[in-house]
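Engineer: sequence plus predicted model, see below.
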Amino acid sequence: MLVSAARCVLCGVRTVSRNVWGKRSNVLDRRSVLGQRVLGSRSVSDSARPSLLEEFMRSDVWARYLQRLQHWGVTGSAPGEVPGMDGSHVEVKRLLPVLAELRRKENELWELRKMVTEENEDLKSLAATDMAACEEELLNLKYQLAWLLIFKEDDDDYNLILEVMAGVGGQEAMLFTAEMFDMYQRYATFKNWSFDVLGYFRSDLGGVRHATASVSGSDAYKYLKYEGGVHRVQRVPKTEKQGRIHTSTMTVAILPQPREIHLVINPKDLRIETKRASGAGGQHVNTTDSAVRIVHIPTGIVSECQQERSQIKNKETAMKVLRAKLYNMKLEEQVNKRQSARKIQVGTKGRSEKIRTYNFPQDRVTDHRIGMSVHNMDGFLLGDELLDEMIQALNDFSHYESLMEIVDNANICK
């Protein structure tokens with residue numbers, strides 16, 4: 001489920017030392033190519049440009065890899081499995097029906113190309129039309145093979161816990177954290193997901209120190225999993241009297257929450273504390289000990305909730321978040337020889353560990369993993385089309401990197 005750190009777009013550190021045409025001599029960073037697209041100010045030619053994945057699907061290196069798969073399928077010379085993503089393997093028999101259809105379409109295209117050379121103009125015109133349709137079907141078949149290699153079953157079919165935390169920058173960081181939380185709530189509405197606030201701890205000036213929400217819906221984890229990390233804001237804070245630009249940070253953590261989490265939590269390992277809720281909330285705030293804080297003693301993981309008036313409901317919610325955090329830790333332990341996903345996402349909350357910068361004076365949002373910029377701050381923070389397109393680009397680049405890694409493992413370019 002978790003993309004290997006060597007190629008995961010979360011890491012964003014691996015420069016691709018070959019282009020999609022399979023040439024290794026000239027170093028080409030595909031992140032830079034992808035980053036040439038500037039959202040919010042793009043031209044018609046930009047929107048008509050083929051996607052990174054589409055370029056790769058049409059490349060010689062991918063064609064050679066598919067030829068090898070076809071050879072394995074015809075001769076039976078391959079073992080029962082071929083390398084897939086994350087060091088996993090894919091059974092060859094899952095690929096055979098698509099490979100067989102691919103061979104059939106390639107033969108059909110070869111016959112159509114011969115017909116185009118005929119002298120009969122009507123026949124040539126008909127063949128040219130059929131060629132275009134055949135080429136489109138071939139591209140779709142190549143995509144199907146790619147998805148079979150990349151995705152495991154139910155990989156991204158998770159709900160999730162979204163956690164935001166103010167980082168460096170004091171009250172300004174907390175104000176920005178509140179804006180980011182609102183952005184993700186609007187994005188959930190845009191994607192028709194449910195967004196249930198589990199905890200919301202305000203600051204004195206209306207910002208947020210820490211907030212959590214349960215997000216559920218079709219492909220919610222698939223779209224949000226790359227939002228985890230440190231987000232940096234550069235702007236003149238409301239509290240700044242001399243007009244100076246400040247730099248602050250906040251952190252987003254995305255915790256997958258499968259529908260069934262098989263975790264055994266020993267009650268003896270929990271320290272449950274109750275206290276009076278703080279912040280805005282009406283007459284019930286500061287009158288009853290309804291807020292709940294749970295500490296998992298062996299790991300030190302903390303979960304707290306004060307959203308409900310009922311202590312019982314707050315305890316249930318805090319346990320839900322705690323189980324998601326423990327599950328995320330369990331997933332990290334299964335990944336060998338790489339940084340844990342949560343450590344990649346959260347880091348130390350420092351100014352330098354950034355995945356994205358929100359520069360208000362320049363009206364610019366830049367994702368540093370793929371070099372993509374948006375020159376429309378207000379539109380981006382609305383949490384609809386612009387945010388969605390950047391997330392799509394992150395997924396696009398991640399899939400491209402995964403496929404290149406698979407091809408590398410098969411020694412296609414060597």
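Structural biologist: Structure received.

Engineer: buried residues in the host helix or strand of E101, which are they?
Structural biologist: Take DSSP states H and E as the rule and E101 turns out to sit in helix 92-116. Of the residues in helix 92-116, 92, 95, 98-99, 102-103, 105-106, 112 count as buried by neighbour count, 16 or more other Cβ atoms under 10 Å. Placement of C-beta: from N, CA and C, glycine included.

Engineer: over to stretch 200-218?
Structural biologist: Per 16+ other Cβ under 10 Å, stretch 200-218 contains these buried residues: 200-203, 207-216.

Engineer: over to stretch 120-139?
Structural biologist: 127, 130-131, 134, 137-138.

Engineer: as JSON lines, the residues you listed with distance to D157 would be great.
Structural biologist: Formatted as JSON lines, the buried residues of stretch 120-139 follow (distance: Cβ to Cβ, whole Å):
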{"residue": "A127", "distance to D157": "43"}
{"residue": "D130", "distance to D157": "38"}
{"residue": "M131", "distance to D157": "38"}
{"residue": "C134", "distance to D157": "33"}
{"residue": "E137", "distance to D157": "28"}
{"residue": "L138", "distance to D157": "29"}
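
Engineer: restricted to strands, list these.
Structural biologist: Among the buried residues of stretch 120-139, no residue falls in strands (DSSP state E).

Engineer: what ranges does the stretch 101-250 of the chain have for its helices?
Structural biologist: 121-150, 170-190, 220-224 (DSSP state H, counting those that start in this stretch).

Engineer: so which of those helices is nearest E304?
Structural biologist: With Cβ to Cβ as the criterion, E304 lies closest to helix 170-190 of these, at 16.2 Å.

Engineer: for the closest one, packing partners?
Structural biologist: strand 159-166, strand 194-202, strand 208-216, strand 229-235, strand 246-257, helix 377-381, helix 385-409 (3 or more Cβ pairs under 8 Å, 6 or more residues apart in numbering; DSSP states H and E).

Engineer: Q307: which of the ones you listed is closest?
Structural biologist: When the helices and strands packed on helix 170-190 are compared (using Cβ to Cβ), the closest one is strand 194-202, at 6.2 Å.

Engineer: quick one: list the elements packing against the closest one.
Structural biologist: Short answer (3+ Cβ pairs under 8 Å, 6+ apart): strand 194-202 packs on helix 170-190, strand 208-216, strand 301-305, helix 311-333.

Engineer: parallel or antiparallel, which strands does it pair with?
Structural biologist: strand 208-216 (antiparallel) (DSSP bridges).

Engineer: output the below-cut-off pLDDT ranges for the protein.
Structural biologist: In the predicted model, the chain carries pLDDT under 70 at residues 1-51, 72-93, 118-119, 151-156, 258-262, 277-289, 331-353, 409-414.

Engineer: outline the domain layout of it.
Structural biologist: Residue ranges for each domain of the chain read 30-152, 159-361, as given by automatic domain parsing.

Engineer: out of the helices and strands packed on helix 170-190, which comes closest to R309?
Structural biologist: The nearest among the helices and strands packed on helix 170-190, by Cβ to Cβ, is strand 194-202 at 14.4 Å.

Engineer: about what we covered before: and I150, which of the helices and strands packed on strand 194-202 is closest to it?
Structural biologist: helix 311-333 (18.1 Å).

Engineer: so what secondary structure elements neighbour the closest one?
Structural biologist: Right, helix 311-333 is packed against strand 159-166, strand 194-202, strand 246-257, strand 291-296, strand 301-305, helix 341-346 by 3+ Cβ pairs under 8 Å, 6+ apart.

Engineer: I'd like the ones you listed as JSON lines, with distance to A188 appended.
Structural biologist: Output for those, formatted as JSON lines (distance: least, Cβ to Cβ, whole Å):
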{"stretch": "strand 159-166", "distance to A188": "9"}
{"stretch": "strand 194-202", "distance to A188": "4"}
{"stretch": "strand 246-257", "distance to A188": "13"}
{"stretch": "strand 291-296", "distance to A188": "25"}
{"stretch": "strand 301-305", "distance to A188": "19"}
{"stretch": "helix 341-346", "distance to A188": "19"}
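
Engineer: which one of those lies nearest to L394?
Structural biologist: strand 246-257 (12.4 Å).

Engineer: among the helices of the stretch 101-250 of the chain, which comes closest to A291?
Structural biologist: Comparing the helices of the stretch 101-250 of the chain under Cβ to Cβ, the one sitting nearest is helix 170-190, at 18.9 Å.

Engineer: rewinding a little: could you dump the helices of the stretch 101-250 of the chain into CSV with distance to I391 added?
Structural biologist: Output for the helices of the stretch 101-250 of the chain, formatted as CSV (distance: least, Cβ to Cβ, whole Å):
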stretch, distance to I391
helix 121-150, 17
helix 170-190, 9
helix 220-224, 5
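
Engineer: contacts only, for L403.
Structural biologist: 53, 56, 62, 146, 149-150 (Cβ atoms under 8 Å, 6 or more residues apart in numbering).

Engineer: just give me the closest of those to M377.
Structural biologist: L53 (28.2 Å).

Engineer: mind listing what's buried along the helix or strand containing that closest one?
Structural biologist: If you go by DSSP H and E, L53 is part of helix 52-57. By neighbour count on 16+ other Cβ under 10 Å, the buried set for helix 52-57 is 52-53, 55-57.
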